[in-house]
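1. Below are the sequence and a predicted model; questions follow.
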Protein chains: 2
Amino acid sequence: MPRLVMKFGGTSVANVERIRNVARHVKREVDAGYHVAVVVSAMSGKTNELVGWCKDAAPLYDTREYDTVVASGEQVTSGLLAIVLRSMGVPARSWQGWQIPILTDGAHGAARIQGIDGKNLADGFAKGEVAVISGFQGLNPESGRITTLGRGGSDTSAVAVAAAIGAERCDIYTDVDGVYTTDPRVVPEARRLPKVAFEEMLEMASLGAKVLQVRSVELAMVHRVRTFVRSSFEAPDAPQTDGNGNPPGTLICDEEEIVEQQTVTGIAFSRDETQITIRRVADKPGVAASVFGPLSDGSINVDMIVQNISEDGRHTDITFTVPSADYERAMDVLAKLKDKIGYVRVEGETNVAKVSVIGIGMRSHAGVAAQCFRSLAENGINIRAITTSEIKISVLIDAERVDEAVRALHAVYGLAG
Amino acid sequence: MPRLVMKFGGTSVANVERIRNVARHVKREVDAGYHVAVVVSAMSGKTNELVGWCKDAAPLYDTREYDTVVASGEQVTSGLLAIVLRSMGVPARSWQGWQIPILTDGAHGAARIQGIDGKNLADGFAKGEVAVISGFQGLNPESGRITTLGRGGSDTSAVAVAAAIGAERCDIYTDVDGVYTTDPRVVPEARRLPKVAFEEMLEMASLGAKVLQVRSVELAMVHRVRTFVRSSFEAPDAPQTDGNGNPPGTLICDEEEIVEQQTVTGIAFSRDETQITIRRVADKPGVAASVFGPLSDGSINVDMIVQNISEDGRHTDITFTVPSADYERAMDVLAKLKDKIGYVRVEGETNVAKVSVIGIGMRSHAGVAAQCFRSLAENGINIRAITTSEIKISVLIDAERVDEAVRALHAVYGLAG
């Protein structure tokens, strides 16, 4: 029998009534002939409450104990869902991270999955049992202690389980019904994409399309786990069709599976950017390292980096962006390094935003970037900096023009369909 | 270094502030030179909430899943206490039942401890670590699943851990400051007992002196674990003395340790009794079995049983008591057995109470029972039934006379001191 992973987040399991609704979704798939593993989060609000207690207990809490406390939320949900499923006549049992086990490294609070032994789950499937798995948690095999994967880690748990059991698909039930060409709040004509390639989704996820955790997309890409983002609000007995016999949603999959490849898939944007320019740095080997080394040591997340060829061959300007939250710290780090780096001055601009055009098809299409720059120019939007990758063009612009830019680009690439 | 177990119930760990107070108690004992294992319950109210969700999920919930859900309460408390202890500079780590492990049988919801491997805890002590243990929970080694010991099971966890690690003492912090000669709400002159023998405590616990779980006392008796009942309301820095250098409380210990043995230690009572009399049963072998077998099959807890020698040698009356909660069911069972047992009629009386005089010293003292009966007679209190054991005399009386009886007996045995 084919295997299926279904993942439900905190709002889907917020109380017993909603857990009952989740159970109906699960029963539908069991009745359709799947061996199902369900991955659940803590009831919404629970994790925040538990984290609050830890902080209250000690602002600098021990992360091993934090994991012990916080992992209890998923434990409750998995037990309750198993109870409900059994009461509906669906054989089921709950699995905690340490029972499967889901092995992780020892980075408590933000552990990474090292491996999942699928044997216990397979034994359960052989008995016709649904595996109800606590998301977000694992076991550090060296210490025998509970670890957690960091906030939103249940997506990652689901994809990792899907890889471990060779699932046909990993269904992520969430509060949006799929991945859109851009944020529909900015562009009402934004269209849900039936399919998105892993690489594209990775760019979208890291650019603030908050549908899936970045790490879960990475993992899905590495293990080729077909991941289907769909709405948790749909009735469990709603017809499972979007015209192609599939329920409405977005399938994140291998690009080979996407027949009608478009050049551009979506427009992502992030308002959470600031720009820093270092003026007249000595243009010599090692200067970039002398700037970005200390920033990295300070855990400052540098994104777009632009360095032009210098005019005089002796000095150059370096421009880069950091998230707004890191801006003050970055400026601090640079001020302290003035003598060492030997620049003239640092300029900061907090009122900027990044807009990105993403599409796996642009690898084989010329002119995509030119089209972007022309469109922005026609709208009188000034480009502060540009970076590109094989499947993405990002431009930094003034924050107040971001909606306009997104609308213009969405139109110029014909994304409204 | 000597080892000490400290157990704190739900009200002592109801919130982070109270957990901090518990940590101060622990630190005091660490500073005094003990290797400490702390056993904690769930925050008060938590277990009820979790049980409520299980019942809500399905009235006939799976008890394995129930255990998974409910055990999460203790997990949270143990993690939080470990965080607080570490923040106070006291090395500590939390231990869940499955980590130690505390092995139990597979009777989910009311599992019995089969064994505790003290090695992991000893390793922690060697590192100078306080062991913060989730009470109430264990591991079924056959299935690898979490079990719980039934309500109030944390007392039992504490005593079992004390036995496993060879603790000098098991301190139970509770909302009373010890065991009294009787309920002070009935007899204001009731006196706290400095020491009580295991056997006496067992009688008192099973008779409704709700200080300790019956099973924890049984376990303490079997393993000779000196168990000290003391108040959790006392300030952690209060002087640890009752005049003998001990903190105020009651030590439950071997009778050999009790130097000034009293004949009678306490007066226990229970209002939660009903009396059933079966009139004119055939006086022949097997008749008792024909009555009590079916009651036992119906999980009805029969307590005092009185059967007199019959007058005519052919018929007799059988009187016994059952808890109020079982009364209706017991009457039902008997009605259905009328033809099989062959009695004339069944009489029930719900308005009764049991009063017991308990004392290990009465084994070697004659006249204790006579004194009891005389005292009740002088107060015009009618005795409905009598049962005795080596260290206990129980009488069944009318419920409305119970306070009077307890006061009279408390006085006649000189328990006010």
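-> Sure, I can see it.
2. And the pLDDT for whichever residue of the stretch 101-250 of chain A sits closest to chain B?
-> Closest to chain B within the stretch 101-250 of chain A is residue A:144: 5.9 Å, counting by C-beta to the nearest C-beta. Where you see a C-beta, it was placed from the backbone N, CA and C, and this is true even at glycine. For residue A:144, the model assigns a pLDDT of 97.
3. How much space separates residue A:140 from residue A:316?
-> Distance, residue A:140 to residue A:316, using C-beta to C-beta, to the nearest Å: 46 Å.
4. sorry, back to before: tell me if I'm right that the residue of the stretch 101-250 of chain A closest to chain B and residue B:99 touch.
-> Yes - the criterion here is C-beta atoms under 8 Å, and residue A:144 meets it with residue B:99 at 5.9 Å.
5. higher neighbour count, those two?
-> Relative neighbour count places residue B:99 above the other of residue A:144 and residue B:99, with 19 against 15, counting by other C-beta atoms under 10 Å in any protein chain shown.
6. residues touching the more buried one, list them.
-> Taking C-beta atoms under 8 Å, 6 or more residues apart in numbering or on different chains, we find residue B:99 in contact with A:144, A:145, B:120.
7. quick check, nearest of the residues you listed to residue A:91?
-> When the contacts of residue B:99 are compared for distance to residue A:91 (C-beta to C-beta), residue A:144 wins out at 29.5 Å.
8. quick one on the thing from earlier: which members of the contacts of residue B:99 are positioned in strands?
-> Counted as lying in strands by DSSP state E, out of the contacts of residue B:99, are residue A:145.
9. In TSV: the contacts of residue B:99, plus distance to residue A:408.
-> TSV is the format used below for the contacts of residue B:99 (distance: C-beta to C-beta, whole Å):
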residue	distance to residue A:408
A:144	56
A:145	52
B:120	64
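10. Return the member of the contacts of residue B:99 nearest to residue A:50.
-> residue A:145 (16.5 Å).
11. I'd like to know how many residues surround that closest one.
-> For residue A:145, the count of nearby residues is 21 (other C-beta under 10 Å).
12. Please, where are all the helices along the stretch 301-417 of chain A?
-> For the stretch 301-417 of chain A, the helices defined by DSSP state H, counting those that start in this stretch occupy A:327-336, A:368-378, A:402-412.
13. Sorry, slip of the keys, the one I care about is chain A.
-> With helices called from DSSP state H, chain A shows them at A:16-31, A:46-57, A:63-70, A:72-87, A:119-126, A:153-165, A:198-206, A:214-223, A:287-297, A:327-336, A:368-378, A:402-412.
14. ok, now which ones touch residue A:353?
-> Shown in contact with residue A:353 (C-beta under 8 Å, 6+ apart): A:269, A:270, A:271, A:273, A:396, A:397, A:398, A:399, A:401, A:402.
15. and the residues you listed, which of them are in strands?
-> Counted as lying in strands by DSSP E, out of the contacts of residue A:353, are A:269, A:270, A:271, A:273, A:396, A:397, A:398.
16. beta partners of the nearest residue to the first one once chain neighbours are set aside?
-> Just to be clear, that refers to residue A:269. Distance criterion C-beta to C-beta, 6 or more residues apart in numbering or on different chains; nearest residue to residue A:269, sequence neighbours excluded, is residue A:355 at 4.6 Å. According to DSSP bridges, the partner residues bridging residue A:355 are residue A:269, residue A:395.
17. Residues of chain A that sit close to chain B?
-> Chain A comes close to chain B at residues A:16, A:19-20, A:50, A:53-54, A:56-58, A:60-62, A:64-66, A:68-69, A:71-73, A:75-76, A:78-80, A:82-84, A:86-87, A:93-94, A:96, A:98-99, A:144-146, as judged by C-beta under 8 Å from any C-beta of the partner chain.
18. Weed out the non-buried ones from the residues you listed.
-> A:16, A:19-20, A:50, A:53-54, A:56-58, A:61-62, A:64-66, A:68-69, A:71-73, A:75-76, A:78-80, A:82-84, A:86-87, A:93-94, A:96, A:98-99, A:145-146 (16 or more other C-beta atoms under 10 Å in any protein chain shown).
19. Which residue ranges make up the domains of chain A?
-> As recorded under automatic domain parsing, the domains making up chain A are A:3-256, A:266-412.
20. Can you tell me which residue of the stretch 251-400 of chain A sits closest to chain B?
-> When C-beta to the nearest C-beta is the measure, the stretch 251-400 of chain A has its nearest residue to chain B at residue A:299, with 23.6 Å between them.
21. Burial check on that residue, number of neighbours?
-> Using other C-beta under 10 Å, residue A:299 has 8 neighbouring residues.
22. gap between it and residue A:5?
-> Relative to residue A:5, residue A:299 is positioned 33 Å away (C-beta to C-beta).
23. Residue A:412 now?
-> According to C-beta to C-beta, residue A:412 and residue A:5 sit 38 Å apart.
24. same question, residue A:71
-> Distance of residue A:71 to residue A:5, computed by C-beta to C-beta: 20 Å.
25. try residue A:250
-> Using C-beta to C-beta, residue A:250 is found at 16 Å from residue A:5.
26. Look up phi and psi at the residue of chain A most remote from its centre.
-> The centre of chain A is farthest from one residue, residue A:312, which by C-alpha atoms, centre = their mean lies 43.0 Å away. Dihedral pair for residue A:312: phi -90, psi 0, per degrees, to the nearest 10.
27. tell me the pLDDT at it?
-> We have a pLDDT of 76 for residue A:312.
28. Count the neighbours of residue A:397 for me.
-> Neighbour count of residue A:397, defined by other C-beta under 10 Å: 21.
29. Now do the contacts for it.
-> A:352, A:353, A:354, A:355, A:376, A:381, A:382, A:383, A:384, A:405.
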